[in-house]
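>>> Fold the following.
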Amino acid sequence: MRENRIRTLWREGRAAVNGWLAIPDGFSAETMAHQGWDTLTIDMQHGVVDYQAAVHMLTAIATTATVPVVRVPWNEPGILMKALDAGAYGIICPMVNTREDAERLVAATHYPPMGTRSMGPVRASLYGGADYQKKANETVVIFAMIETRQALDNLDEILSVKGLDAVYIGPADLSLALGCNPTFDDVDPPVAEAIDLVLARAKAHGVTAGIHNGSPEGALRRIEKGFRFVTISSDARLMAAGAQQVMAKMRAGQAPAAGGSPY
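Residues are numbered from 1 along each chain as shown. Have a look, this model is predicted:
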């Protein structure tokens, strides 16, 4: 079966640098994949990416060594299994708030006897290899998102679920849950404390911690703290930021001379 480079990086003590895909297009995903990201996550929870678009994006990412990850819309067995069958090598599941939520996530994403995943890796076997079914349980990476006060209250129980590889913090949602300003990098003190708690408890349970970031500087600081999966911005935000920089320079360069007249 094809190597999952996320696991290789983690074994080496290194962090996976993850890009975020919000644009529902194969060419856009392929372009991002050719820029050297360790992983790219297709976001099916927020935004405009549907399942058919996600399949085209997964196919496009497969032209590179970048590892394809999908954030599913919800902790629902059908979409979890379909995302894996389409070739996702990692799953990020939102709103995992209890041990029972984590158990359902693990069950739906693992073949028996470890879980209840149904057999049918229609594209996954093309991407992963003919022995996909035999090695999928130990290859695919499963993240539970920690983004609510309830999840913090149940953190140790969530982290103790066998088969859960990692947790992923959404700082904006976690900020909202704690009554703070929703942001990524410069979070309010209560959110910073909660992030440190998740990281510490994940380490104690032998679970890898990941987090969303707004900038490379923020991501590097969190790698220094011990996070081993860091997301930076998104394709849509990066495109907008690049276009804004170009237009700002063009507008500045075309400013009329002081006191000048068009006549």
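>>> can you map out the strands along the stretch 151-263 of the chain?
For the stretch 151-263 of the chain, strands defined by DSSP state E, counting those that start in this stretch occupy the ranges 166-169, 208-213, 229-232.
>>> could these be laid out in a markdown table, adding distance to G87?
Where you see a C-beta, it was placed from the backbone N, CA and C, and this is true even at glycine. Output for the strands of the stretch 151-263 of the chain, formatted as a markdown table (distance: least, CB to CB, whole Å):
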| stretch | distance to G87 |
| --- | --- |
| strand 166-169 | 19 |
| strand 208-213 | 20 |
| strand 229-232 | 19 |
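>>> Dump the ones you listed to JSON lines, plus mean pLDDT, mean neighbour count and distance to R11.
Formatted as JSON lines, those follow (pLDDT from 0 to 100; neighbours: other CB atoms under 10 Å; distance: least, CB to CB, whole Å):
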{"stretch": "strand 166-169", "mean pLDDT": "98", "mean neighbour count": "26", "distance to R11": "14"}
{"stretch": "strand 208-213", "mean pLDDT": "98", "mean neighbour count": "26", "distance to R11": "11"}
{"stretch": "strand 229-232", "mean pLDDT": "98", "mean neighbour count": "26", "distance to R11": "14"}
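>>> pretty sure T66 is touching A29, no?
No. Contact status for T66 versus A29: not in contact, 9.4 Å apart, counting by CB atoms under 8 Å.
>>> Which of the two has more residues huddled nearby?
A29 (30 against 24; other CB atoms under 10 Å).
>>> Before we go further, the more buried one is sitting in a helix, right?
Yes. According to DSSP: H, G, I helix; E, B strand; the rest coil, A29 belongs to a helix.
>>> returning to what we had before: relative to I195, which of the strands of the stretch 151-263 of the chain is closest?
I195 lies closest to strand 166-169 among the strands of the stretch 151-263 of the chain, at 5.9 Å (CB to CB).
>>> on that earlier part again, find residues that contact each of T66 and A29.
Jointly contacting T66 and A29 under the rule CB atoms under 8 Å, 6 or more residues apart in numbering are L40.
>>> And the longest helix anywhere in the chain, what does it pack against?
Taking DSSP state H as the criterion, the chain has its longest helix at helix 235-253. Under the contact criterion of 3 or more CB pairs under 8 Å, 6 or more residues apart in numbering; DSSP states H and E, helix 235-253 touches strand 16-21, helix 26-33.
>>> so which of these gets nearest V207?
Of all the helices and strands packed on helix 235-253, strand 16-21 sits nearest to V207, with 14.8 Å by CB to CB.
>>> could I get the closest one in PDB with only the CA atoms?
The C-alpha trace of strand 16-21 is given here as PDB (Å, rounded to 0.1, in the frame of the first residue of the first chain):
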ATOM      1  CA  ALA A  16       3.200  18.000   8.400                       C
ATOM      2  CA  VAL A  17       2.500  21.400   6.800                       C
ATOM      3  CA  ASN A  18      -1.100  21.300   5.500                       C
ATOM      4  CA  GLY A  19      -2.800  23.500   2.900                       C
ATOM      5  CA  TRP A  20      -6.500  24.100   2.900                       C
ATOM      6  CA  LEU A  21      -8.700  23.700  -0.200                       C
END
